[in-house]
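Participant: Predicted structure and sequence below. I'll ask about it afterward.
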Amino acid sequence: MKQHIFQSGLGRALGRGSAKSGHRDWLRLRIAAAALIILGGWFLWSIGTLAHADYFEARAWLSAPHNAAGVLLLIWAMFTHAWLGAREIVEDYISCPAFKNAKLLGMLFFFAAGGVFACVCVLKVAFGG
């Protein structure tokens, strides 16, 4: 007879749970998600107020320091959340270590380059470049 039949769910789970290294990433993912909810709502509301604005009014809106800072924080939260979520999927579902590491490295460069590009674009508009 199999011994695990007589064990409780907790007994089977003990020793098979967290490797005690994923808590930081779990917390970062939740913080980025909460920031996305707050900043995304603010951004959608702000874009709604600019619905009938022309290019120069929208550029003036982004040139305001608090708006530029909010958009930069939104970009940070978006790319951080995307990177952490994609990394979690790759780590969980790709078993070949070489392919996994290559995929993670490529994703890191992709998300970092996208975030830096977006931030440079916002800063260029904010500083009138």
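Facilitator: Done, it's in.

Participant: Can you spell out which helices and strands pack onto the one helix or strand residue 37 maps to?
Facilitator: Using DSSP states H and E, residue 37 sits in helix 23-49. When contacts are defined as 3 or more Cβ pairs under 8 Å, 6 or more residues apart in numbering; DSSP states H and E, helix 23-49 sits against helix 65-93. C-betas here are computed from N, CA, C, even on glycine.

Participant: and the helix it packs on, which residues are buried?
Facilitator: 67-68, 70-84, 86-87, 90 (16 or more other Cβ atoms under 10 Å).

Participant: in this structure, which segments are predicted with low confidence?
Facilitator: In the prediction, the chain carries residues with pLDDT under 70 at positions 1-22, 129.

Participant: residue nearest the centroid of it?
Facilitator: In the chain, the centroid-proximal residue (Cα atoms, centre = their mean) is residue 81; its distance is 1.3 Å.

Participant: and that residue, what does it touch?
Facilitator: 29, 32, 33, 36 (Cβ atoms under 8 Å, 6 or more residues apart in numbering).

Participant: Roughly how far does it sit from residue 102?
Facilitator: 23 Å (Cβ to Cβ, to the nearest Å).

Participant: coming back round to it: the helix or strand just after the helix holding residue 37 versus helix 23-49: what angle between them?
Facilitator: Per DSSP H and E, the first helix or strand lying C-terminal to helix 23-49 is helix 55-63. Using axes from the mean of the first three to the mean of the last three Cα atoms, to 10 degrees, the direction of helix 55-63 lies 150 degrees away from that of helix 23-49.

Participant: relative to helix 65-93, how tilted is helix 55-63?
Facilitator: Using the same axes, to 10 degrees: helix 55-63 against helix 65-93 is 70 degrees.

Participant: by contact count, what packs against helix 55-63?
Facilitator: So helix 55-63, by 3+ Cβ pairs under 8 Å, 6+ apart, packs with helix 65-93, helix 97-126.

Participant: Alright, I will stop here.
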